[in-house]
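pasting the sequence and the predicted coordinates here, then a few questions.
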Amino acid sequence: GAVVSQHPSWVICKSGTSVKIECRSLDFQATTMFWYRQFPKQSLMLMATSNEGSKATYEQGVEKDKFLINHASLTLSTLTVTSAHPEDSSFYICSARWTISSYNSPLHFGNGTRLTVT
Amino acid sequence: RKEVEQDPGPFNVPEGATVAFNCTYSNSASQSFFWYRQDCRKEPKLLMSVYSSGNEDGRFTAQLNRASQYISLLIRDSKLSDSATYLCVVNNDMRFGAGTRLTVKP
């Protein structure tokens, strides 16, 4: 159980375009999902917490107007990188917690999206 | 002081070696602890939860020391496939440190 699916696995886009990444919890409901970004040889950086039915909470330094998060259902959160630039090229990963009521549950991760902006 | 700190490594060990990593935490009220592994260019995967009494899963042993506020991960009989970055998560803070890089060499 506790499978998180992320799509697409990789995407190449031109500078100035927008890219949408989907994160789905396949066999459980997730009122909260998390979005991370990871540059080569660096640690995972939490970008934002996605809350079903409400606005996402962004970490300091993450532009909410550039990284649009929508969590319209209990099984789907999307991250849209708007007006992408080469410096946005990174590995984007989502995660969700199986049991919504307990922080004792581990995080389960999607398989990540490798974004390359040319 | 960071809430969670890990041995940065890297740890380079031969096959068959025993290696241990520590992860210290500052919040004494922390209740949940996990070890993840992340392979290069992949997402983190849950390796094991850490229980108060300590727990073992095959070659892997996780322990919690509440008095000194750290958790540990012991890997026995290291395999080449154990090469990865190991990340600890405390209280499901959702924020990861840099992790500990392990390379097992033939």
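On my side now, so go ahead. Residues are numbered from 1 along each chain as shown, chains lettered A, B, ... in the order given.

got the contact list for the residue nearest to the spatial centre of chain A?
The residue lying closest to the centre of chain A (Cα atoms, centre = their mean) is A:W35, at 3.4 Å. A:W35 makes contact with A:23, A:46-50, A:67, A:69, A:77, A:79, A:92-94, according to Cβ atoms under 8 Å, 6 or more residues apart in numbering or on different chains. (Glycine included, C-beta is placed from N, CA and C.)

quick check, pLDDT for B:T61.
For B:T61, the pLDDT comes out at 98.

where's it, which helix or strand?
strand B:60-65 (DSSP states H and E).

give me the nearest residue to the residue nearest to the centre of chain A, chain neighbours excluded.
Here the nearest residue to A:W35 in space, its sequence neighbours aside, is A:M47; by Cβ to Cβ, 6 or more residues apart in numbering or on different chains that works out to 4.6 Å.

what's the helix or strand for that neighbour?
Per DSSP H and E: A:M47 is located in strand A:45-51.

which other residues reach that strand?
Residues from elsewhere that reach strand A:45-51, judged by Cβ under 8 Å, 6+ apart: A:23, A:31-38, A:56-59, A:62, A:64, A:67, A:69-71, A:77, A:79, A:94, B:94-96.

what's the neighbour count on residue 25?
No chain was given, so I picked chain A. 25 (other Cβ atoms under 10 Å in any protein chain shown).

actually it's chain B I care about, not the one you picked
Close neighbours of B:Y25, defined as other Cβ under 10 Å, add up to 21.

in the chain, what helix or strand scores lowest on average pLDDT?
You didn't pick a chain, so chain A it is. Lowest on mean pLDDT, DSSP states H and E among the helices and strands of chain A sits strand A:107-109, with a mean of 89.

oops, chain B please
In chain B, the helix or strand scored least confidently by mean pLDDT, DSSP H and E is strand B:4-6, which has a mean of 88.
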